[in-house]
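# turn this into a model:
(one chain, ligands or ions: 1)
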Amino acid sequence: MASSGITTIDQNNKKVVEVFDTEEDLAVSLAKYTAHLSDKFAKERGAFTVVVSGGSLIKSLRKLVEAPYVDSIDWSKWQVFWVDERVVPKDHPDSNYKLAFDGFLSKVPIPHGNVYAINDALSAEGAADDYETCLKHLVHTGVINLSSLSGFPKFDLMLVGMGPDGHVASLFPGHPLLKENQKWVTHITDSPKPPPERTTFTFPVINSSAYIALVVCGAGKASIVQTALGKSQNSEVFPVQMVSPEGELKWFLDKDAASKL
Ligand SMILES: O=C1O[C@H](COP(=O)(O)O)[C@@H](O)[C@H](O)[C@H]1O
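Numbering: from 1, shown residues only. Presented below is the predicted three-dimensional model:
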């Protein structure tokens, strides 16, 4: 699967891997994929619950704020959440909210009340608990679906990146939080990547999703991609390998990230 432009699909159609010649091509396809799901969920359930990560993912969403998508998507149906957040003020350069707001949210007419940022006045633990309470309320009111299989919230689409160490959200290799199986949202105060204090969705929530787009670009991530998708002998299990949603997982890779496959 080394060349670009190739799509592979696993036997039960739950995992799709698509490799793009350039990050530009990837961004175009990601916008099309997201717009399609927005339309589907808006029609089916009158809401589209979208979870974003921080990092390089946000730049790869840039085509959504351009024609034709900026005018064709029904932004009023979007409900936006963060899979992880750094516990810093919302206007801090490290804030995932600020990154998404500056690069994406400020350019589309999503109602302000449909954007769920953490309470940045709280401690990491307090912010995680507060976010979980907010999610529970939204499940109760039917904005967020509940998985009948797992009993955890089932978001329509998670758009997530992966760090060069194989972390997803703020779930880092070897960290005890990888095993959290009760909480919906938890916190970390010793993140190996700064800033140290963060909130993060847990794996049961991530893996209850209807759709996950895992967006990975750059040669610096090729070894982990090889471990996750290729024939690497690496015995360590990286967090990204624990991503296994109830619904569909689609990997969006650029040629460099896929270079070791
Ligand atoms: O710290 C974080 O890093 C990951 C990966 O970021 P990237 O820039 O390497 O794509 C990101 O997905 C996560 O949301 C963020 O908090």
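# you'd agree S232 is in a strand?
No. Applying DSSP: H, G, I helix; E, B strand; the rest coil, one finds S232 to be coil, outside a strand.
# contact partners for it?
Taking CB atoms under 8 Å, 6 or more residues apart in numbering, we find S232 in contact with S223, Q226, K260. C-beta coordinates here come from the backbone N, C-alpha and C atoms, glycine included.
# 10 Å instead?
S223, I224, V225, Q226, K260, L261 (CB atoms under 10 Å, 6 or more residues apart in numbering).
# for the residue of the stretch 1-150 of the chain found nearest the ligand, which non-adjacent residue is closest in space?
Nearest residue of the stretch 1-150 of the chain to the ligand, counting by CB to the nearest ligand atom: G55, 2.3 Å away. Nearest residue to G55 in three dimensions, chain neighbours excluded: G161, at 4.4 Å (CB to CB, 6 or more residues apart in numbering).
# how about E180?
Closest to E180 by CB to CB, 6+ apart is T202, at 4.5 Å.
# do I have it right that the one you found meets P176?
No. T202 is beyond contact range of P176, at 11.6 Å (criterion: CB atoms under 10 Å).
# more neighbours: the two, which one.
Between T202 and P176, T202 has the larger neighbour count (other CB atoms under 10 Å), namely 22 against 7.
# ok, S259 touching V19?
Yes. With contact defined as CB under 10 Å, S259 counts as touching V19 (9.5 Å).
# list the contacts for D256?
Shown in contact with D256 (CB under 10 Å, 6+ apart): S4, V19, T22, E23, V216, C217, G218, A219, G220, K221, A222, V225.
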